[in-house]
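[1] Could you look at this predicted model? Sequence included:
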Amino acid sequence: MSQSHFFAHLSRLKLINRWPLMRNVRTENVSEHSLQVAMVAHALAAIKNRKFGGTLNQERVALLAMYHDASEVLTGDLPTPVKYFNSQIAHEYKAIEKIAQQKLLQMIPDELQDIFTPLLDEQYYSDDEKYIVKQADALCAYLKCLEELSAGNNEFLLAKGRLEKTLSERHSEEMEYFMRVFVPSFHLSLDEISQDTPL
């Protein structure tokens with residue numbers, strides 16, 4: 001393969017906005033969401049390993065999270081209420097995601113396939129890895145709701161309630177730790193989070 005369009009495609013993730021049916025105080029794109037999910041997934045894996053006897057490769061978990069929405073560069077971001085409207089739509093969308101993942105993988109040179117295939121194709125994720133990435137994805141969506149609500153945007157009130165239910169269903173010791181230690185700061189202003197850590 002003399003030329004690959006793989007990273008040119010991925011660079012366009014920044015053009016795909018999340019929450020497309022919602023009024024946003026600040027628009028969030030898939031690229032920045034993926035970075036946040038990677039950071040949170042890495043933290044969850046580290047917490048699980050350090051505090052609760054986990055044995056995850058936290059760097060691999062961060063990479064999986066970084067690429068978890070890569071297929072959306074071809075499919076777009078389908079709003080959650082549409083994606084999960086019924087089981088048939090959810091099933092078909094999963095199939096579309098799988099096709100998009102395969103299309104992206106076809107863009108990767110043969111000599112790099114063994115590196116990128118386990119990152120882009122969920123069948124190579126362990127159950128624990130998949131669970132951590134899903135936890136991080138839901139947590140980041142929840143944090144977005146907190147930010148929007150803190151800015152006075154009540155459009156995200158119901159989404160916050162739905163995500164609280166999702167987080168309770170995905171409950172784990174590492175998530176509980178993260179929620180207790182890191183999440184309260186998202187309710188605070190810049191001045192409030194800066195006063196204890198002067199530059």
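    Yep, it's here. Residues are numbered from 1 along each chain as shown.

[2] Spatially central residue in this structure, please.
    Centroid check for the chain by CA atoms, centre = their mean gives D137 as the closest residue, at 3.4 Å.

[3] my guess is it meets V37, correct?
    Yes: if you go by CB atoms under 8 Å, D137 and V37 touch, sitting 5.4 Å apart. Just so you know, the C-beta spots here come from the backbone N, C-alpha and C atoms, and that holds for glycine as well.

[4] which neighbours do the two share?
    Taking CB atoms under 8 Å, 6 or more residues apart in numbering as the contact rule, D137 and V37 both touch 65, 68.

[5] Any idea how many residues pack against I47?
    22 (other CB atoms under 10 Å).

[6] cool, H9 as well?
    Neighbour tally, H9, other CB under 10 Å: 15.

[7] got a list of what it touches?
    Contacts of H9 (CB under 8 Å, 6+ apart): 73-74, 104, 107.

[8] Looking at those, which is nearest K48?
    L104 (28.8 Å; CB to CB).

[9] for E155, what are its contacts?
    Counting by CB under 8 Å, 6+ apart, E155 has contacts 22-24, 148.

[10] Distance check, it against H9.
    31 Å (CB to CB, to the nearest Å).

[11] Which secondary structure element of the chain has the lowest mean pLDDT?
    Lowest mean confidence among the helices and strands of the chain (mean pLDDT, DSSP states H and E): helix 80-83, at a mean of 64.

[12] Run the chain-centre distance for the following helix or strand past it.
    Where DSSP states H and E defines the elements, the next helix or strand beyond helix 80-83 is helix 87-106. Its chain's C-alpha centre and that of helix 87-106 lie 17 Å apart, by CA atoms, centre = their mean, to the nearest Å.

[13] got the buried residues for helix 87-106?
    93, 97, 100-101, 104-105 (16 or more other CB atoms under 10 Å).

[14] and the next element down the chain from it?
    helix 113-120.

[15] Dump the helix or strand just after that next one to CSV, restricted to CA.
    Counting by DSSP H and E, the next helix or strand C-terminal to helix 113-120 is helix 127-150. Extracted C-alpha coordinates of helix 127-150, given in CSV (Å, rounded to 0.1, in the frame of the first residue of the first chain):
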residue,chain,number,x,y,z
ASP,A,127,-14.7,-8.5,28.9
ASP,A,128,-12.9,-6.3,31.5
GLU,A,129,-11.5,-4.0,28.9
LYS,A,130,-14.8,-3.6,27.2
TYR,A,131,-16.5,-2.9,30.6
ILE,A,132,-14.0,-0.2,31.6
VAL,A,133,-14.3,1.6,28.2
LYS,A,134,-18.1,1.5,28.5
GLN,A,135,-17.9,2.9,32.0
ALA,A,136,-15.6,5.7,30.9
ASP,A,137,-17.8,6.5,27.9
ALA,A,138,-20.9,6.8,30.2
LEU,A,139,-18.9,8.8,32.8
CYS,A,140,-17.7,11.3,30.2
ALA,A,141,-21.3,11.7,28.9
TYR,A,142,-22.4,12.3,32.5
LEU,A,143,-19.6,14.9,33.0
LYS,A,144,-20.8,16.7,29.8
CYS,A,145,-24.3,16.9,31.4
LEU,A,146,-22.8,18.4,34.6
GLU,A,147,-20.9,21.0,32.6
GLU,A,148,-24.0,22.0,30.6
LEU,A,149,-26.2,22.1,33.7
SER,A,150,-23.6,24.2,35.6
